[in-house]
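Q: Quick one, fold the following:
(2 chains)
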Amino acid sequence: MKDLSFAYPGNEPVFKGFSLAVGKGETCGLIGANGTGKSTLLLLICGLLQGHGEICLEGQVLEKANAAAFRRRLSMVFQNPDDQLFMPTIFEDVAFGLDQFGWDEETVRRTVRTSLDGVGITVDWSQSSQQLSLGQKKRVCLAAALARNAPLMLLDEPTNELDPKGRRELLRSLDDIDATKLIVTHDLDLVATHCDRVCLLGRGGMIAEGKPTEIMTQEALMEAHDLEVPLTFKMG
Amino acid sequence: MIPLELQPHSVASRPLATVKSPTKLAMALGSLLLLAMMPATWLPSVSIGLGLVYMVIVVLNRISVLFLLKRIVCVIPFVLCILFFHYKSMGLQGSFHFLIRSTFSVATLVLFTATTPFPQILSSLKAFRVPHLFVLVLALAYRYMALVQSELSNMHRSVTLRTSHLGHFERWRLYGRMMGSLFLKAFDRSERVHHAMLCRGFHGDLN
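A: This is a model prediction of the structure:
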């Protein structure tokens, strides 16, 4: 992302000249107080919101005209799984994206099976995702994103509202993913333990970026942006 | 989330739940066609026949009669509304026939939907070559009905906790105003769902 600017109509700019480069295979955590534009940034990367500036993925620049093609190369896990799971069965939910991209039936079936197995969903896949626990729903969303095998994966609050077991299982699944990951979260321990790099966002854009050990151990910086040093670092 | 009790009788242990759903859909459609197209002279015998069949279904599947009646009664006002406007052309006997046909049609649909799990209803519609878009819209409506219900019950709980001093009338006025907020929340969710669909490659065509 280069010189990205965006404002919701009638509001102060969320981003002003925001730039960020994420390396291939890197896991980057985006942290910041509420309203600093973390989720907005993900929507901008997906081309679901249009800002000014350049968003580029492996050499392809996002433009209004090629937004659909651009989205083929990324997958996103939304904050609320109920927004993402809308098909009648778990299987169809995971297969939805693949069907849309015109994959043949046999490959879709095989990929869906591999993805659901990969995130440890062992329940009957012909049942509705409505009957699953929140942790399972989140993992189905992750399976849907994984199935696409896209080079970039965007995750919006993946551990939000999960119980410790659900969180542990989701993180284990995340660790197995090779794609470049951009994770928006308030779960600072997740960033401390699972991210290669962290970006601290404030009003208007980037405040600091670097390794979690460099950024998240600065108590004054964290507190100035309504955050705190994660327990992982506090406990040493 | 509070589960949406739309199909309390679709449990697998009940006899009608074991019948294949396309067969049930065919039988239901057959009954509807019969009810809609048969001559008025057949009405007494067909009504008695269908009534007996439905009674057997209700007893065998342990369907609560109150459950069935409640759903039928919900539709009666619409039927009465139609009768109000067409009474002159139908006459007393015609109106009575219309009421009987409507009641049995609703009973047929209630029995079919109450004894068939929703994913099976959708797959039988697909088997009957109903357009995929229509099936998907049904699936989405069913999927999100539960969420809207959950949202409503949260709002209801919140109002109940904070408005113990209000009388029934004031509380209902408040509920009326809350509908606007519910609409906005539903709109917001539809936006997010659309975003999720776009992210997964949706381009307006489902196949």
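
Q: for A:Leu20, what are its contacts?
A: A:1, A:28, A:199, A:206, A:209 (CB atoms under 8 Å, 6 or more residues apart in numbering or on different chains). The C-beta positions use only the backbone N, C-alpha and C, and glycine is treated the same way.

Q: Give the burial count for the third one, as a bare number.
A: Spelled out, it's A:Cys199. 25 (other CB atoms under 10 Å in any protein chain shown).

Q: Same check on the fourth one?
A: Burial of A:Met206, expressed as a neighbour count using other CB under 10 Å, amounts to 18.

Q: mind showing which ranges of chain A have poor pLDDT?
A: A:236 (pLDDT under 70).

Q: switch the cut-off to 80
A: For chain A, applying pLDDT under 80 flags the ranges A:88, A:204, A:236.

Q: Give me the residue at the spatial middle of it.
A: A:Leu155 (1.2 Å; CA atoms, centre = their mean).

Q: Return the distance of that residue relative to chain B.
A: 12 Å (CB to the nearest CB, to the nearest Å).

Q: Does chain A have contacts with stretch B:140-152?
A: Yes: using CB under 8 Å from any CB of the partner chain, stretch B:140-152 reaches chain A at B:140, B:142-144, B:146-147.

Q: and of those residues, the nearest to A:Cys46?
A: Using CB to CB, B:Leu140 is the member of these that lies nearest A:Cys46, at 20.8 Å.

Q: Which elements pack onto the one helix or strand B:Arg177 maps to?
A: Following DSSP states H and E, one finds B:Arg177 within helix B:168-199. Counting contacts by 3 or more CB pairs under 8 Å, 6 or more residues apart in numbering or on different chains; DSSP states H and E, helix B:168-199 is packed against helix A:67-71, strand A:74-77, helix A:81-84, helix B:132-162.

Q: hmm, 7 Å instead?
A: Packing partners of helix B:168-199 (3 or more CB pairs under 7 Å, 6 or more residues apart in numbering or on different chains; DSSP states H and E): helix A:81-84, helix B:132-162.

Q: what angle do that helix and helix B:132-162 make?
A: 140 degrees (axes from the mean of the first three to the mean of the last three CA atoms, to 10 degrees).

Q: Counting neighbours, show which residues of helix B:168-199 come out buried.
A: By neighbour count with 16 or more other CB atoms under 10 Å in any protein chain shown, helix B:168-199 contains the buried residues B:189, B:192-193, B:195-199.

Q: and it, average pLDDT?
A: Averaging pLDDT along helix B:168-199 yields 86.

Q: ok, which stretches of chain A are strands?
A: Using DSSP state E, the strands of chain A run over A:2-7, A:13-18, A:27-32, A:52-54, A:56-57, A:60-61, A:74-77, A:152-156, A:180-184, A:197-202, A:205-210.

Q: Comparing those, which stretch has the densest surroundings?
A: The highest mean neighbour count among those, using mean count of other CB atoms under 10 Å in any protein chain shown, belongs to strand A:74-77: a mean of 26.

Q: Can you pull the residues of chain A lying near chain B?
A: A:43, A:46, A:48, A:68, A:71-72, A:76, A:78, A:82-84, A:86-89, A:96-97, A:100-101, A:126, A:128, A:130, A:144 (CB under 7 Å from any CB of the partner chain).

Q: Which members of these are classed as buried?
A: A:43, A:46, A:48, A:71, A:76, A:78, A:82-84, A:86-89, A:96-97, A:100, A:128, A:130, A:144.

Q: about what we covered before: A:Lys234: which of the buried residues of helix B:168-199 is nearest?
A: For those, the nearest to A:Lys234 is B:Arg192 (34.9 Å; CB to CB).

Q: Surely that closest one touches A:Gln84?
A: No: using CB atoms under 7 Å, B:Arg192 makes no contact with A:Gln84, being 8.6 Å away.
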